[in-house]
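Participant: give me a model of this one.
(one chain, ligands or ions: 3)
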Amino acid sequence: MADHSVAVAPANQRTTPMLEVTDLEVVLPAGAVVDRVSFTVPAGRTTGLIGESGSGKTMTAMAVVGLLPDTASASGEVRWKAQDLLVAPERRRRQVRGREIGVVFQDPSAALNPIQTVGRQVGEILRRDGLPRTQVRARVLELLARVGLPEPERQADSYPHEMSGGMRQRVMIAIALAGQPELVIADEPTTALDVTTQARILALLADLREREGLAMILVSHDLRVMAHVADEVVVMYAGRVAEQGPARAVLDRPYHPYTRALAANVPAVTSRTAIAEPLPGAPASPFDRPSGCPFHPRCPMARDRCVTEVPALREITEAGAGPGRFSACHFAEEVS
Ligand SMILES: Nc1ncnc2c1ncn2[C@@H]1O[C@H](COP(=O)(O)OP(=O)(O)OP(=O)(O)O)[C@@H](O)[C@H]1O
Ligand code: SF4
Ligand SMILES: [Mg+2]
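Facilitator: Ligands and ions are numbered 1, 2, ... in the order given. I've put the predicted structure just below:
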């Protein structure tokens, strides 16, 4: 039987990469939707994946837990606790998914079972672990309280449709936490919610990270979300990394015109809508990538070289850049 007490990562373990993704590639019949993406998630830290719709964020995140569509295949390395999950037996991958790594999906309405009570769904993994009924109930109430649901006793017996979107997303987070994960993958956990509720859910995620040392992969197209929650960010464009590095530094001083354009399109904090103005031009499809730099048809800085030569992701070493800055722009140093 699993021990369901709350585990807190010791502070001295917090910078060890617990997850190390190297040269991840995800190929669908129509082509590669994720092209050599690498990043790490140290214990207790949050790594953010950001980019417009179709840039490959979800595919990257789901490849980590082996939740890709049947037609997709992944290569590269997903090193979790010294084991490459991409080649691990399915039995081991199932054990990791939902337990060591929890997943929160974008749309709680689609992910929750409409005909089961919330309490039953939160308790499912505990029952599977063979926890006695009374202990399951106590633990479910504890989890519901922990994600900030008022009156856990009453909420446990309600059905998803009786709850607001924000409450359902809290339930999703409770389900993800039930297996006592060390890492949570949250794919656009707030997109379906209104702005106020979004802020509350983000505060909850930040709190879980702070108090319990939970590591996180946070997928979002909202830069404000990233600035608040992420330690590191990976900016994706057409399935490739455009830029990556420490979150604050990347957002304050981008080294890629795409990141700069995203940052310039962040609406004011007072805005009633969280949807940023779209960048001019359509995002490049990973199935039909423009030649050279995939961003060149939309890039205000593009010149001849950009059309013919694919920019490599390289470390930016100029004075003042700070450590750990990478950009896939030929002219990165001219951006900031
Ligand atoms: N089940 C699928 N079958 C085939 N192609 C898919 C499937 N899911 C996504 N794709 C394609 O793979 C590419 C990457 O999609 P992905 O869902 O990872 O993007 P995303 O960055 O998460 O976008 P969004 O912000 O819209 O969620 C897109 O071009 C998309 O059309
Ligand atoms: S490589 Fe060229 S097209 Fe691509 S982002 Fe840099 S300047 Fe723009
Ligand atoms: Mg997605």
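Participant: quick one: pLDDT of Thr273?
Facilitator: Note for Thr273: predicted pLDDT of 42.
Participant: same thing with the one 5 residues further on?
Facilitator: Per-residue confidence for Pro278 comes out at a pLDDT of 64.
Participant: also Pro132?
Facilitator: Reading off the model, Pro132 has pLDDT 95.
Participant: what about it, how many neighbours?
Facilitator: Residues lying near Pro132 (other C-beta atoms under 10 Å) number 11. Every residue, glycine included, has its C-beta placed from N, CA and C.
Participant: for the stretch 51-200 of the chain, which spans come out with low pLDDT?
Facilitator: The stretch 51-200 of the chain contains no residues with pLDDT under 70.
Participant: please apply the same query to the stretch 201-336 of the chain.
Facilitator: 266-278.
Participant: what parts of it come near ligand 2?
Facilitator: By C-beta under 6 Å from any ligand atom, the residues of the stretch 201-336 of the chain that approach ligand 2 are 256-257, 293, 295-296, 299, 301-302, 306, 311, 329-331.
Participant: looking at the residues you listed, which are in helices?
Facilitator: Pro257, Cys306 (DSSP state H).
Participant: now tabulate the residues of the stretch 201-336 of the chain next to ligand 2 in TSV and tack on neighbour count.
Facilitator: Formatted as TSV, these follow (neighbours: other C-beta atoms under 10 Å):
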residue	neighbour count
His256	30
Pro257	25
Cys293	30
Phe295	26
His296	21
Cys299	18
Met301	16
Ala302	18
Cys306	23
Pro311	21
Cys329	27
His330	20
Phe331	18
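Participant: which residues of the stretch 51-200 of the chain lie near ligand 1?
Facilitator: Gly51, Ser53, Gly54, Ser55, Gly56, Lys57, Thr58, Met59, Pro69.
Participant: please, where are all the strands along the stretch 151-300 of the chain?
Facilitator: Secondary structure of the stretch 151-300 of the chain (DSSP state E, counting those that start in this stretch): strands at 183-187, 215-220, 232-237, 240-246.
Participant: to Gly166, which of the ones you listed lies closest?
Facilitator: Nearest of these to Gly166, taken as C-beta to C-beta: strand 183-187 at 14.3 Å.
Participant: ChimeraX command to pick out the buried ones of the residues of the stretch 51-200 of the chain next to ligand 1?
Facilitator: The ChimeraX selection below is limited to those of those classed as buried (16 or more other C-beta atoms under 10 Å):
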select :51,54,55,56,57,58,59
